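Student: the sequence and its predicted three-dimensional model are supplied below.
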Amino acid sequence: MAEQFGHTWWGRAWVDALEKGASLDPNRLPRGRTYARQDRVTSLSLEPGMVTASVHGSRRLNYRTHIAVRTYGDDEWAKVVATIASRAAHTAALLEGDLEPGVVDDAREAGVELLPARRDLKPRCSCPDDAATCKHAAAVAYLVAEVLDDDPFQLFALRGRSKEALLAELRAFRRRPGADGRPARDDGLDPDAEALAALVASGPQGAGADTGELAREAWGRERPPMPPLPDLAARPGSPAAWPSDPPAGAPFDTPGLLVLATDAAQRAWAQLRGDGASGLALPRDADQARRGAQRLDGAPAGADGSRPRGDLTHRALAWRHGGEAGLAMLDEAAWRPPLATMAAARAAVEEAGVSSSVVTVNNNRITGPGFQLRLSRAGAWWRFEKHKGRWEVAAPPAESPDDLLAPAS
């Protein structure tokens, strides 16, 4: 199975921009993909305006490859910050280590291209290839997508802003007073809803007056007509962000609350359509994996940090392919099935074209080049594939190992 570069929407968008908009030599891109898949790139590092790596080519010594990335000027950064900060959903997602798909389009409308555009990337390499883009530089460019998958802030760091600097500018922009002296936030609340929310947020300590009476008075004022309800079959709505920061000591912050509310709205919408469950009974660990799988698929999601990012991705992949059963398979210890069952499964692997010399059977696991088939105690077969030194769930379960095997080429 071919390895895909970019498992988040922004990682895939980087690859798409490389191939369509960055003006890299199209004749070198296929070889670059091959080199990237062959693990020839080492010591990959990103810093403002530069990607650096060591690439093993046909000679004994590795080639040193650099890709210069155009950084933004102050005017462009002002537009980027305004684009993200003016929409609460963009800010909340970024603070959760995620990117909303709309942020690229919004930045483009403001005149700034976040993804590589023409003449944004300038590769150079110590190899003898005198092409504008050699296969070594192309391989490095593809593998940048993996770095971005793990940390979308690296996209901004390449353009010249560290995570800390960008977050400071976003917070400063969000707190900047508008013409009425209040923070300039596009939270999507009409004045009456905002007034009611402020009353609720103030609690019984609020101005010394009866909160219930103030709420009734605010609600009694004339309000603009309600917009028509959206078609349920279209998509779930986006909850409005809370208009003020939570009180000190609250177990959540404003962006985190918005992420959770968005997730709840998506689950409620799926239930109303009849194609989803609430998930309220899931243990915390399983719910983290579920939300992590949403992030892998490009939907806004956040993690509370109790698991390292790499392990969360590991479990998110298991959830994506099998839900709770996938997580159970990930944690299931090796066991000894009937010998005839494993012998038949091994025969199926060899019939698919895998040489018997590279196939091993150990308990409930059959291992071949780059893949492993595991039989669960429930009787289902699961395909695992090795990525960065660990076995990851790579496909939904099947009743027979034949359904998880592709003919060898």
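Tutor: All right, it came through fine. Numbers count the residues shown, from 1 in each chain.
Student: domain assignment for this protein?
Tutor: Structural domains assigned to the chain are 9-173, 187-201+235-246+254-275, 279-322, 339-404, following automatic domain parsing.
Student: among those, which gets the worst mean confidence?
Tutor: With a mean of 62, domain 187-201+235-246+254-275 has the lowest mean pLDDT of the domains of the chain.
Student: tell me which of the domains of the chain sits nearest to residue 329.
Tutor: For those, proximity to residue 329 was assessed by Cβ to Cβ; domain 339-404 is nearest, at 5.1 Å. Bear in mind the C-beta positions are built from the backbone N, C-alpha and C, glycine included.
Student: next one: the residue nearest to residue 162 when sequence neighbours are not counted relative to residue 73, how far apart?
Tutor: What sits nearest to residue 162 in space, not counting adjacent residues and going by Cβ to Cβ, 6 or more residues apart in numbering, is residue 48, at 7.5 Å. Note on residue 48: its distance to residue 73, by Cβ to Cβ, to the nearest Å, is 13 Å.
Student: my guess is residue 154 meets residue 148, correct?
Tutor: Yes. Applying Cβ atoms under 8 Å, one finds residue 154 in contact with residue 148, separated by 5.5 Å.
Student: which of those two has more residues huddled nearby?
Tutor: Per other Cβ atoms under 10 Å, whichever of residue 154 and residue 148 has more neighbours is residue 148, with 24 against 19.
Student: what's the closest of the domains of the chain to residue 330?
Tutor: Across those, residue 330 has its closest neighbour in domain 279-322 (4.4 Å, Cβ to Cβ).
Student: show me the strands in the stretch 1-150 of the chain, by range?
Tutor: In the stretch 1-150 of the chain, strands defined by DSSP state E, counting those that start in this stretch lie at 41-47, 50-55, 63-69, 121-125, listed in chain order.
Student: and those as a markdown table, adding distance to residue 26 and mean neighbour count?
Tutor: Listed next are the strands of the stretch 1-150 of the chain as a markdown table, based on distance: least, Cβ to Cβ, whole Å; neighbours: other Cβ atoms under 10 Å:
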| stretch | distance to residue 26 | mean neighbour count |
| --- | --- | --- |
| strand 41-47 | 20 | 14 |
| strand 50-55 | 19 | 20 |
| strand 63-69 | 17 | 20 |
| strand 121-125 | 14 | 19 |
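Student: right, so of the ones you listed, which gets closest to residue 158?
Tutor: Nearest of those to residue 158, taken as Cβ to Cβ: strand 63-69 at 4.7 Å.
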